[in-house]
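>>> predicted model and sequence follow; I will ask about them next.
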Amino acid sequence: MAESEKEAALPPKEDFSDWYNELLWMAEIMDVRYPVKGLYVWYPFGFAIRRNTYNIIREILDNSGHQETLFPLLIPENEFMKEAEHIKGFENEVYWVTHGGKDPLDIPLALRPTSETAIYPMYKIWVRSHADFPLKLYQIVNTFRYETKHTRPLIRLREITSFKEAHTVHATWEDAEAQVKEAVGLYTEIYRRLGVPVLRSRRPDWDKFPGADYTDAIDAMMPDGKTLQIGTVHHLGDNFAKTFDIKYEAPDGEQRYAHQTCYGISERSIAATISIHGDDKGLVLPPEIAPVQVVIIPIIFKKGAETVLAACKDVQERLKKAGIRVEIDASDLRPGAKYYRWEMKGVPLRLEIGPRDLENNVAVAVRRDTGEKEQIPLPEIETGVRLKFEAIQKSLYDKAESELESRIFDCAELDEVKEKIQEGVATIPWCGKRECGLEMEDRIGAGILGIPLTPRGKGKEKCPICGAETETRVYVARTY
Ligand SMILES: Nc1ncnc2c1ncn2[C@@H]1O[C@H](COS(=O)(=O)NC(=O)[C@@H](N)CS)[C@@H](O)[C@H]1O
Ligand SMILES: [Zn+2]
């Protein structure tokens, strides 16, 4: 567990990078002191946020026809090296196991960077007929990528500890396309539950997943104006089916290659949530994922201390019975120090109960996100707290959404794009030709994020590189 007192003070959020690093420690999310670069340790409090977040992900996947499973971590080299594009995309990132004890392994084993090459040899055995479709499995595992770019807890790890990967199989390309659309919708819903508004776009061809026909991506806007890729959905066509010989008997008796998709989310989901909602006092957590949803602070004076404490315990019991995660802070810290500690941990609602409140038969509810104070009659405490949670959830999302919208800038030419991506995401017309796209990236010094899935074109415009007429605008942004 972390030291009792945190000496350092949390930097202001506008120093986002320092704020983020300090917060992970002061709110006890992840400990970065593990002696392997890119590998970090979950504190129990952070792990509880992860558990609550992934319960939402499981709920949404399980309620949309997915089944959870678990495949091995180690992938034999001969399977890993089967799909050319996939190899090219991952050969510099994959870790290899070469020995078992003192014995060198006759076939080196890859630590999964993602699990296509672990799963698809099994899909080849399992898939027989169109009646087997749609096959929609997912797993939540750790994966390993030898990232050479700057590693960062929750954002860019070498051991991705919370990699949710779904792998689906369908009869036709169109069925797989429909699944991609469903997955994009599911990811949008997952992030709405986390209070995180997202940008959805089709990655340019040169930035799609290795071995995919195309990649649709979900990006969040981080406080520093850079975007973070917090989910990706890939249409794999029949590329992997041909490589791994995944065939099915069609209704007409023909043997056909299957069509596939895969889509992933990692602990970046938590990075985005704490970064977008946090403030100068620390975490601000959506109630649904807060490990502690309510903290009760007894306001104790010499006289009547017992009565106040007993009332607090009663409120705690009632809230627990209502399924709410609630603590009482009856420590001998002065109230201000208590508020500081629980605000750092993002507890959505504080209930203050003192002798005068008992006389009025109320508790004073203080919202973590707005600081707003309001009395809740004790007889209705359960309902009152639930209503506060709903108000907090809505307000977090609405605030983040208007912040995101205010940081999307429709630009007329490249110089304006260069300037605006310092603050957020720019849109600019693009004819769609590769050479124009690459030239544009070169001139701007930042990447094309993608073509918005909800078009943002403004009628007929000109490609800033070749002048061709186009109705498409693309997102351009600095990214993590
Ligand atoms: N090093 C990393 N650390 C944390 N999250 C990562 C890392 N690399 C990728 N991710 C997250 O994992 C998601 C899925 O990764 S991916 O490479 O785009 N896609 C796949 O691996 C596909 N097999 C779908 S599961 C990404 O959208 C990104 O949000
Ligand atoms: Zn062009």
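Looks like it arrived, so ask away. Ligands and ions are numbered 1, 2, ... in the order given.
>>> after the worst-scoring helix or strand of the chain on mean pLDDT, which helix or strand is next?
Lowest by mean pLDDT, DSSP states H and E among the helices and strands of the chain is helix 84-90, with a mean of 86. Remark: after helix 84-90, the chain's next helix or strand is strand 96-100, criterion DSSP states H and E.
>>> contacts only, for Asp410.
Residues in contact with Asp410 (C-beta atoms under 8 Å, 6 or more residues apart in numbering) are 426-427, 456, 458, 473. Quick note: C-beta positions are derived from backbone N, CA and C, even for glycine.
>>> again, only this time at 10 Å
Contacts for Asp410 (C-beta atoms under 10 Å, 6 or more residues apart in numbering) come out as 416, 420, 426-429, 456-458, 473.
>>> and if you look at Arg112?
Taking C-beta under 10 Å, 6+ apart as the test, what Arg112 contacts is 71-75, 80, 90, 94-95, 118-119, 139, 141-145, 160, 163, 165.
>>> next one: Arg202
208, 214-217, 233, 449-453, 474.
>>> ditto for Thr148
The neighbours of Thr148, taking C-beta under 10 Å, 6+ apart as the test, are 92-93, 158.
>>> cool, and Leu111?
Leu111 neighbours (C-beta under 10 Å, 6+ apart): 73-75, 94-97, 142-146, 159.
>>> show me what it is bridged to.
With DSSP bridges as the criterion, Leu111 is bridged to Leu74.
>>> residue ranges of each domain in this structure, please.
Listed by the TED database, the domain ranges of the chain are 16-277, 294-389, 408-477.
>>> CSV for the ones you listed, including distance to ligand 1?
Output for the domains of the chain, formatted as CSV (distance: least, C-beta to the nearest ligand atom, whole Å):
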stretch, distance to ligand 1
domain 16-277, 3
domain 294-389, 22
domain 408-477, 12
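>>> next up, the contacts around the residue of the stretch 1-150 of the chain found nearest ligand 2.
Among all residues of the stretch 1-150 of the chain, Glu85 sits closest to ligand 2, at 25.9 Å; criterion: C-beta to the ion. Residues counted as contacts of Glu85 (C-beta under 10 Å, 6+ apart) are 208-212, 239-240, 243.
>>> what distance do you get for it to Phe209?
Note on Glu85: its distance to Phe209, by C-beta to C-beta, to the nearest Å, is 9 Å.
>>> could you do Cys262 as well?
Cys262 is 8 Å from Phe209, where distance means C-beta to C-beta.
>>> likewise Tyr138?
Tyr138 sits 16 Å away from Phe209 when distances are taken as C-beta to C-beta.
>>> kindly report the same for Pro452.
Counting by C-beta to C-beta, the gap from Pro452 to Phe209 is 19 Å.
>>> between those two, which has more neighbouring residues?
Set side by side, Pro452 and Phe209 show more neighbours around Phe209, with 23 against 19, by other C-beta atoms under 10 Å.
>>> from memory that one sits against Glu83, does it?
No. Using C-beta atoms under 10 Å, Phe209 is not in contact with Glu83; the gap is 11.4 Å.
>>> identify the contacts common to these two.
89, 116, 236.
>>> per-residue pLDDT, the nearest residue to Pro377 once chain neighbours are set aside?
Nearest residue to Pro377 in three dimensions, chain neighbours excluded: Val362, at 5.5 Å (C-beta to C-beta, 6 or more residues apart in numbering). As predicted, Val362 sits at a pLDDT of 98.
>>> what's the answer for Lys6, then?
Lys6 is given a pLDDT of 53.
>>> now Pro335
So Pro335 comes in at 89 (pLDDT).
>>> burial count for it?
Residues near Pro335, counting by other C-beta under 10 Å, number 14.
>>> also Asp280?
Considering only other C-beta under 10 Å, Asp280 is surrounded by 12 other residues.
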